[in-house]
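Colleague: Kindly return the folded structure for what I paste below:
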Amino acid sequence: MIASFTPSVLRGKIDAPPSKSMAHRYLIGAALSGEKCTLNGVDFSDDILASIDCLRALGATVTADGSTVTVDPKGFMQSENPTLLCRESGSTLRFFIPLALCLNKSVTFVGSDRLFERPLDVYEALARENGFTFKMDKSSLTVSGSLKSGSYKIRGDISSQFITGLIFGLLFLGRKSDIEIIPPFESRSYIDLTISALRSFGANVRFLDEYRIEILPTELHAYSGRIEGDFSNAAFLDAFNYLGSQVDVNNLSSDSLQGDRVYREYFDAISSGTPTLDISDCPDLGPVLFVLAALKNGATFIGTDRLKAKESDRGAATDEELKKLGGGLIFGENVIIVPKQTLKYNGKPLCAHNDHRIVMAMSVILSVLGGELHGIEAVKKSYPSFFEDLRSLGAKVELL
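Modeller: The predicted model follows:
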């Protein structure tokens, strides 16, 4: 699909969509609780649908009524040799692998080719050390084993999703366990989100110190509540305010633990100077920070290596599209420099690189410059109503 933009100014009020990160965690927490739970305000992005599919494949009953989801865990983790459909969701895949290893049965994960190009070496090493089956090809992974409670060590510089997934598995096993994180520890905020969500169900999971997590036996209970707004996607809406628009973004909690809540601080820094900003704890903000810096004063970003392992190589993808507009990025070791640049749409359509955050970042630029963006269907991965919401705010964008 193609989006054709005419330069426009956006005005109005909009609610940030529900947090995808929190929805994953609450859906899995509900299944682990052993009791029927109701979650309100769920946005059915492709990634969340993938996690729902996996819960069903493992035996849980998940029903939806509008944006309300009910999870009935009766039968959860009782499936025989299930196949889990992960689509393109790295979170889903990494969250469910340790749970699959609790079954002591063959479990197959299926997804896009790009999904299985993203790092899984933490779990591969775990399987190798424990004699588990871990067989992967370009579009599937089959695992089997019997994960045990105990002490584990995990690198903290690849993805926090591995740590979260292991917490889910160890919590299910129901005995005392601990995880030691090998520094450097990036994206700590995402582990805080996991612990916060699980505590809603009564889980006794806590940090003992900066690098050690303890999981204690707990009798979990039901939880019903609303999924908080998503700072990751709100950033793309709020970016318009730094380019002459007037958009009031609501449904964001002032006491949220989401790491991407830092985006406003970073936007202010980009608008007032040429800052150096660390995005190791908020890699999903990379594309929108790059395009805003390109349209403003420029900036230097450190902690950028993890952008290579997302839905696209987000630094390279942004660079390729900015070059079409007469700009570009400068790459160093774990650093990306965005020079101050004059951008102009020259008739060559921009590409989304099958990445939802590239779709949204390029939409921010084209709302200023005008032009075409191809491959916009990728936005359904996290924010299905993105273009509908832009139009409600007055964006002049035609979908072709």
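Colleague: Spell out which residues make up each domain of this protein.
Modeller: According to automatic domain parsing, the chain comprises the domains 2-17+230-399, 20-226.
Colleague: Rebuild those as TSV, extending it with mean pLDDT and mean neighbour count.
Modeller: Heads up, the C-betas are built off the backbone N, CA and C, glycines and all. TSV is the format used below for the domains of the chain (pLDDT from 0 to 100; neighbours: other CB atoms under 10 Å):
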stretch	mean pLDDT	mean neighbour count
domain 2-17+230-399	97	20
domain 20-226	96	19
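Colleague: I'd assumed M360 was in contact with P17.
Modeller: No. Between P17 and M360 there is no contact under CB atoms under 8 Å: 11.4 Å.
Colleague: what is in contact with these two at once?
Modeller: Contact criterion CB atoms under 8 Å, 6 or more residues apart in numbering; residues shared by P17 and M360: N233, Y383.
Colleague: Wait, G29 touches A203, no?
Modeller: Yes. With contact defined as CB under 8 Å, G29 reaches A203; the gap is 7.5 Å.
Colleague: so which helix or strand takes in the closest residue to Q161 other than its chain neighbours?
Modeller: Once flanking residues are discounted, Q161 sits nearest to R94: 3.9 Å by CB to CB, 6 or more residues apart in numbering. Using DSSP states H and E, R94 sits within helix 90-100.
Colleague: helices or strands next to the helix or strand that that helix is followed by in the packing?
Modeller: Next along the chain after helix 90-100, taking DSSP H and E as the criterion, comes strand 107-111. Strand 107-111 sits against strand 83-87, helix 90-100, strand 140-144, with contacts defined as 3 or more CB pairs under 8 Å, 6 or more residues apart in numbering; DSSP states H and E.
Colleague: Who are the contact partners of D15?
Modeller: D15 sits next to G229, V249, N250, N251 when contact means CB under 8 Å, 6+ apart.
Colleague: ok now do F240, which residues does it touch?
Modeller: Applying CB under 8 Å, 6+ apart, the residues near F240 are L10, V247, V364, S367, L393.
Colleague: and if you look at I337?
Modeller: In this structure, I337 makes contact with G298, A299, T300, F301, L329, I330, F331, judged by CB under 8 Å, 6+ apart.
Colleague: Show the contacting residues for the closest residue to the last one other than its chain neighbours.
Modeller: Of all residues beyond its chain neighbours, the one nearest F331 is G315 (6.6 Å), with distances taken as CB to CB, 6+ apart. Residues touching G315, when contacts are defined by CB under 8 Å, 6+ apart, comprise G286, F290, T304, L307, K308, L329, F331, I336.
Colleague: Compute the first-to-last residue distance for stretch 272-279.
Modeller: Distance between the two ends of stretch 272-279: 18 Å, counting by CA to CA, to the nearest Å.
Colleague: who's in contact with it?
Modeller: Contacts with stretch 272-279, where a contact means CB under 8 Å, 6+ apart, come from 266, 269-270, 285-286, 289, 297-304, 340.
Colleague: can we see that at 7 Å?
Modeller: By CB atoms under 7 Å, 6 or more residues apart in numbering, the surrounding residues in contact with stretch 272-279 are 266, 269, 285-286, 289, 297-304.
Colleague: Same question for stretch 52-64.
Modeller: With CB under 7 Å, 6+ apart as the criterion, stretch 52-64 contacts 27, 31, 69-79, 82-86, 92, 96.
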